[in-house]
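Colleague: next comes the sequence, and after it the predicted model I'd like to discuss.
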Amino acid sequence: MSNGGFFARMANLWTGFLNLWVSDIEKEHPEIAYENSINSMVEKYSQLKRATASIIRRREDISGRLGKQRTELAQVDVELQTAVDTNQDDLALILLQKKQALESEIAELDGEASQAAKDAEEAKTALMDVQTEINKLKAEKDRMLAKMASAKARIQIQDQLDGLSVAADVKALDGVREHIKNVDAQARLNKELKESNVDERLKKLRAQTGDVSARRQLEELKAKAAAAKAQTTKTL
């Protein structure tokens, strides 16, 4: 077993542990995961922006060269026509060869310019797509973090509700209820004992006797009054 292979495996193992640790941290703090993703995309956006700038510069460079070659070709055409008109065949041949070379270069630059323009448009589209994704990810971050905060609040409330125990309170109320029942029973017992007491019964009897005697006297007075009235009527 080589030392290099051993250290490589140890490095891979440590990287694995580190990734798990970072993953756990990101689960507990998702804002870190979102920030890491957003920062990574922003960095890619910056790199793509630099690459796009290079592509656009190439497109402009090709366009500039193409314009220059076309201007030169136009000048050669004029010079060639002049050489032909003045019977300067040697110059006409040189200018004709130059014209052919310029036309070949222009045709090649036309192809490069077309491809450069296409590359620039694709790069700009990709750049805008990445920017759109960054904005979407930022919006998702705000939405998901708010959602997680709400979920944590609901879990906390549920935990608090689950942790509430009414057993002690109910037990205390049961004791109070039992005491009230006992006091009520004692009051009713005192009443029953009082009602069954001989003195109390005699007291009630005297009250009843008094009522009967008074009623008898009232009847006697009514009878006397009626007799006196009858006697008076008879005399008349």
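Modeller: Thanks, I have the structure now.

Colleague: hey, let's count contacts and neighbours off CA atoms from now on
Modeller: Noted.

Colleague: which residue lies nearest the spatial centre of the protein?
Modeller: Nearest residue to the geometric centre of the chain (CA atoms, centre = their mean): Lys147, 1.9 Å.

Colleague: which stretch of helix or strand covers that one?
Modeller: According to DSSP states H and E, Lys147 maps onto helix 89-163.

Colleague: what's that helix packed up against?
Modeller: The contact analysis (3 or more CA pairs under 8 Å, 6 or more residues apart in numbering; DSSP states H and E) places helix 89-163 against helix 30-85.

Colleague: report the distance from the helix it packs on to the chain centre.
Modeller: The chain centre lies 44 Å from the centre of helix 30-85; the measure is CA atoms, centre = their mean, to the nearest Å.

Colleague: now the angle between helix 89-163 and that helix, please.
Modeller: 170 degrees (axes from the mean of the first three to the mean of the last three CA atoms, to 10 degrees).

Colleague: which strands and helices sit next to helix 30-85?
Modeller: Packed next to helix 30-85, using 3+ CA pairs under 8 Å, 6+ apart, are helix 3-28, helix 89-163.

Colleague: how about TSV for these, with distance to Asp174 and mean pLDDT added?
Modeller: What follows is the helices and strands packed on helix 30-85, written out as TSV (distance: least, CA to CA, whole Å; pLDDT from 0 to 100):
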stretch	distance to Asp174	mean pLDDT
helix 3-28	45	51
helix 89-163	22	89
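
Colleague: deepest of those, which one?
Modeller: The highest average neighbour count among the helices and strands packed on helix 30-85, using mean count of other CA atoms under 10 Å, belongs to helix 89-163 at a mean of 14.

Colleague: measure the residue nearest to the centre of the chain to Glu133 for me?
Modeller: When distance is defined by CA to CA, to the nearest Å, Lys147 is 20 Å away from Glu133.

Colleague: related to what we said a few turns ago, how close does the residue nearest to the centre of the chain get to Lys141?
Modeller: Counting by CA to CA, the gap from Lys147 to Lys141 is 10 Å.

Colleague: quick check: domain ranges of the protein?
Modeller: Domain ranges of the chain: 3-164, 170-235, per automatic domain parsing.

Colleague: got the helices and strands packed on helix 30-85 as JSON lines, with distance to Leu189 columns?
Modeller: Shown next, in JSON lines, are the helices and strands packed on helix 30-85 (distance: least, CA to CA, whole Å):
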{"stretch": "helix 3-28", "distance to Leu189": "67"}
{"stretch": "helix 89-163", "distance to Leu189": "44"}
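
Colleague: Gln186: which of those is closest?
Modeller: When the helices and strands packed on helix 30-85 are compared by CA to CA, helix 89-163 sits nearest Gln186, at 39.6 Å.

Colleague: ok now that closest one, how far from the chain's centre?
Modeller: 30 Å.
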